[in-house]
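> dropping the sequence and predicted coords here.
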Amino acid sequence: MKQLFSGIKIGVHENLYVKDPESSALGKKIIEKSIILIHEIGFENYTFKKLGAVIGSNESSIYRYFENKHKLLLYLTSWYWAWKEYQLVFATNNIAGAEEVLETAINVLTRRIEKDSLNSHIDEILLNRVVVNEFSKSYLTKEVDKENTEGYFEVYNRLILRLKKMILNVHSDYPYPAALASTVVEGGLHQHFLREHFPALTDCNKNLSPAEYFNYLVLSTLKYTKHG
């Protein structure tokens with residue numbers, strides 16, 4: 001897997017940034033420290049002023065990369081979903097059986113994150129926690145329809161449509177493939193959140209992972225509607 005990822009640049013919609021943060025050492029530091037700071041204090045309390053103090057740079061230098069902190073959150077979450085998409089594509093590339101492809105995809109999308117050393121300035125474990133806690137804040141806004149039209153959620157949409165296609169490959173007549181696919185992706189985040197903060201409200205724990213739950217849910221649903 002690491003060899004396959006070597007040399008790949010994670011693509012993020014260019015309208016999310018003023019200057020590509022991957023193009024300079026300062027830009028990479030902004031990304032690296034933003035993930036850490038948002039994880040530590042939450043997105044509500046995160047400001048460019050606080051980030052500037054952490055990275056030892058003027059607040060104005062951060063605005064040369066991002067218009068505002070909302071755009072930065074969109075950038076981080078888009079990067080995360082693009083990274084997950086690459087993982088999904090590589091993990092399922094050489095699998096022939098449709099059901100095994102779907103099961104593998106669900107595992108990739110809902111499993112606990114491990115550190116990927118190929119992205120030295122991005123801690124994927126912390127980024128995953130940021131996405132679990134903060135992703136909904138990127139789209140629960142009055143501007144979501146405009147931003148979606150402009151392509152800000154392009155990777156997220158594409159990822160869910162990939163999963164939708166895999167569901168249809170298992171059961172071509174299943175009537176709700178998009179709803180089921182989006183339930184898996186969003187539900188994976190939600191189950192990790194519940195396990196961390198509201199353990200009484202989920203059956204997922206150290207012995208039962210969200211990946212196991214969603215594989216059971218999806219495959220059982222498809223088998224029931226196909227044969228029942």
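Done, it's in. Residues are numbered from 1 along each chain as shown.
> rest of the way, CA atoms for contacts and neighbours
Will do.
> A179: neighbour count?
Look at A179: counted by other C-alpha atoms under 10 Å, it has 11 neighbours.
> what are the boundaries of the helices in the chain?
Using DSSP state H, the helices of the chain run over residues 2-5, 25-41, 48-55, 59-63, 69-92, 98-110, 124-139, 144-149, 154-170, 177-197, 210-227.
> dump those helices to CSV, plus distance to L16 and mean pLDDT.
Putting the helices of the chain into CSV (distance: least, C-alpha to C-alpha, whole Å; pLDDT from 0 to 100) gives the following:
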stretch, distance to L16, mean pLDDT
helix 2-5, 23, 47
helix 25-41, 13, 97
helix 48-55, 16, 97
helix 59-63, 12, 97
helix 69-92, 6, 96
helix 98-110, 23, 97
helix 124-139, 12, 96
helix 144-149, 10, 97
helix 154-170, 11, 97
helix 177-197, 22, 97
helix 210-227, 31, 93
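> how about those helices, which one is nearest E14?
Closest to E14 of the helices of the chain, according to C-alpha to C-alpha: helix 69-92, at 9.3 Å.
> quick revisit: any chance of the helices of the chain in a markdown table, plus distance to K19?
Conversion of these to a markdown table gives the following (distance: least, C-alpha to C-alpha, whole Å):
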| stretch | distance to K19 |
| --- | --- |
| helix 2-5 | 24 |
| helix 25-41 | 8 |
| helix 48-55 | 16 |
| helix 59-63 | 9 |
| helix 69-92 | 12 |
| helix 98-110 | 29 |
| helix 124-139 | 20 |
| helix 144-149 | 19 |
| helix 154-170 | 19 |
| helix 177-197 | 30 |
| helix 210-227 | 37 |
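> so what's the residue nearest the centre of the chain up against?
Nearest to the mean C-alpha position of the chain, counting by C-alpha atoms, centre = their mean, stands W81 at 3.6 Å. The contact partners of W81, by C-alpha atoms under 8 Å, 6 or more residues apart in numbering, come to 155-156, 159.
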